[in-house]
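Peer 1: sharing a sequence plus its predicted fold:
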Amino acid sequence: MLSTGASSRCDAMRRVAIVGVGMSKFGEEWTRGFRDMIIEAGVRAVEDANLHGEEIDAMYIGTMAPGSLVGQEHVGALVADFLGLTPIPSIRVEAACASGGVALRTGYLAVASGMHDCVVVGGVEKMTDTPGNEVASALGGAGDQEWELFFGATFPAIYALMARRHMHQYGTTEEQMAAVAVKNHANAAKNKYAHFQNEITIETVMKSKYIASPLKLFDCSPITDGAAAVILMPLEKAKHYCEQPIEIVASAQASDMLALHSRESMVELKATKIAAKKAYEQAKLQPKDIDVVEVHDCFTIAEIMAIEDLGFFPKGQGGKASEEGRTALNAEISVNSSGGLKGCGHPVGATGVKQAVEIVWQLRGKAEGRQVKDCEIGMTHNVGGSGATAVVHIMKKV
Amino acid sequence: MPSENLAITWRRIPERYRLVGTFCRNCQTSYFPARKLCPKCRRKGKIEQKQFSGRGKIYSFTEVTAGPSGFEKQTPYILAIVELEEGPKLTAQIVGARKVKIGDAVEAVFRKIIEDSEEGLIHYGYKFRLV
């Protein structure tokens, strides 16, 4: 059932590299709108790749809910228009909070297949133009509207149901979850693009109010505006454009039941495990080979499950590992050097692309005050909803 | 998006009011909410209607203190994953108790879930209580 067939198919495809990256400042960006942010990120990525623009022949934009949040659909054409890239094909990609990661994978496939030679992958979400309850409703669309949301489920509540099971089965504690938030804020404070620029303490998290027990306000990623973009090319071509191309050596995605209650397990994301297994096979790598990883910490419990499901720690040990500092910058494995969704912010459609931007900066040695030492191989892990989509990429210095 | 139109409410009545789900005779698996296609057997599946007893136990729970639009009057409330005695799990509120724990026995009750507005539709469905 889990046969991947990856290696034979990958052999027939072209190798793909990231030649340029850019992002907008994440945060409550009241002076900038949806199109302003994606244009800013896109222009920075094009500049970073030192392109004129004529080279670009397709674009994929990950965004989850612009229709609900800012009343805008038809985003592919909008971005092509305002980036001055008409008439190239420009496609919106949606997979809830994994929209960015799935857009990256879609762009990767377009270049790997030989169909396109230079692709922009963008991710964007404008969230603070909309009242909080409407944002919550829009994000709720990532779950099962008729059988979860209708009965009073919220996204914090759905992750709280997972957290409760994780605590029940493995003895994970609220303090261990708090340690994830503290670590991610510490990393974000070293990232000028991050939503939060301040460090917090375990006490800050523990004293914050419950949103859905056992999750408190500081266990939750914030509502953020932002955009990110990367430029993809065949590796062979990339070398002529870019001094430090970063190769995408694996791209894998999996799906699972939409509603949490329909899944086999609530203490792991099966889609993450399957996508990770495929990615490790494609790259011929193991968890111990990864130096830096951006995981999907929409809630602190999500990072704990992710570092287990991606194979960095045994199942049930993620909370303890987080509390012991084993996931801090330059510790055993540097997890969420950008600050993650918790610290850097979570403009949902932008997140998966931002993760790739951060890994590229790390692999180029350009991550400033948060640089991971001797960093050769990085990974991104982006999740849609409560785990019905997971997408994993592995990237490597050329 | 708590508000729903009449047609959605009407076609979900058997499941939401009476816990009618489905059963695949080919693989002997029960489904709630109902599935018209067995995800294990797909075209080989033999789906029929199945009445669930409404008895089960709490598999996981949370107290929601920041409720969504439309649930303001009920907040805080306990939301749980209930494991039905026939096997499937569902998401529902637990009523009549402030303290619950994993493993507590529960039974389904018929309750108002949400109303669209003062003069709008009232949506009913299942909640659960401790037994």
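Peer 2: Looks like it arrived, so ask away. Residues are numbered from 1 along each chain as shown, chains lettered A, B, ... in the order given.
Peer 1: what does chain A put close to chain B?
Peer 2: Within chain A, the residues that sit near chain B (CB under 8 Å from any CB of the partner chain) are A:133-134, A:136-137, A:140-141, A:145-154, A:156-157, A:160-162, A:164-165, A:168, A:209-215, A:259-262, A:266. For the C-beta atoms, the positions are set from N, CA and C on the backbone; glycine is no exception.
Peer 1: these in helices, which ones?
Peer 2: Counting by DSSP state H, those place A:133-134, A:136-137, A:140, A:156-157, A:160-162, A:164-165, A:168 in helices.
Peer 1: ok and the residue in chain A nearest chain B?
Peer 2: Per CB to the nearest CB, A:Ala160 is where chain A lies closest to chain B, at 3.7 Å.
Peer 1: interface residues of chain B facing chain A?
Peer 2: Counting by CB under 8 Å from any CB, the residues of chain B near chain A are B:1-2, B:4, B:8, B:12, B:33, B:59-69, B:71, B:74, B:77, B:79-81, B:88-93, B:102, B:113-114, B:123, B:125, B:127.
Peer 1: how about a cut-off of 7 Å?
Peer 2: Residues of chain B that fall close to chain A, judged by CB under 7 Å from any CB of the partner chain: B:1-2, B:12, B:33, B:60-69, B:71, B:77, B:79, B:81, B:89-93, B:102, B:113, B:125.
Peer 1: looking at this, A:His393 is in a strand?
Peer 2: Yes - checked against DSSP: H, G, I helix; E, B strand; the rest coil, A:His393 lies within a strand.
Peer 1: for it, which non-adjacent residue is spatially closest?
Peer 2: Closest residue to A:His393 apart from its sequence neighbours, by CB to CB, 6 or more residues apart in numbering or on different chains: A:Thr380 at 4.7 Å.
Peer 1: can you get me a residue count around the closest residue to chain A within chain B?
Peer 2: Chain A sits closest to B:Thr62 of chain B, with a gap of 3.7 Å, by CB to the nearest CB. Per other CB atoms under 10 Å in any protein chain shown, the neighbour tally for B:Thr62 reads 28.
Peer 1: look up how far A:Trp30 lies from it.
Peer 2: In this view, B:Thr62 and A:Trp30 are 32 Å apart by CB to CB, to the nearest Å.
Peer 1: then B:Ala66?
Peer 2: As judged by CB to CB, B:Ala66 and A:Trp30 stand 23 Å apart.
Peer 1: more neighbours: those two, which one.
Peer 2: Neighbour count, other CB under 10 Å: between B:Ala66 and A:Trp30, B:Ala66 has more, with 20 against 9.
Peer 1: out of everything not next to it in sequence, what's closest to the more buried one?
Peer 2: With sequence-adjacent residues excluded and distances taken as CB to CB, 6+ apart, B:Ala66 is closest to A:Ile211, at 4.7 Å.
Peer 1: thinking that neighbour is in contact with A:Pro222, fair?
Peer 2: No - A:Ile211 lies out of contact with A:Pro222 (CB atoms under 7 Å); the separation is 12.0 Å.
Peer 1: the two: which is more packed in?
Peer 2: Shown here are A:Ile211 and A:Pro222; by other CB under 10 Å, A:Ile211 has more neighbours (25 against 20).
Peer 1: so how far is B:Gln49 from the more buried one?
Peer 2: 38 Å.
Peer 1: pass me the low-pLDDT residue ranges in the chain, would you?
Peer 2: Since no chain was named, I'll use chain A. Low-confidence segments of chain A (pLDDT under 70): A:1-11.
Peer 1: sorry, should have said chain B
Peer 2: Scanning chain B for pLDDT under 70 picks out the ranges B:1-4.
Peer 1: coming back round to it: any of the ones in helices among the residues of chain A next to chain B buried? List them.
Peer 2: Neighbour counting by 16 or more other CB atoms under 10 Å in any protein chain shown classes A:Glu134, A:Ala136, A:Ser137, A:Gly140, A:Pro156, A:Ala157, A:Ala160, A:Leu161, A:Met162, A:Arg164, A:Arg165, A:His168 among these as buried.
Peer 1: can you show me the helices along chain B?
Peer 2: Counting by DSSP H, the helices of chain B are B:6-11, B:13-18.
Peer 1: hey, which of these is tucked in deepest?
Peer 2: helix B:13-18 (a mean of 15; mean count of other CB atoms under 10 Å in any protein chain shown).
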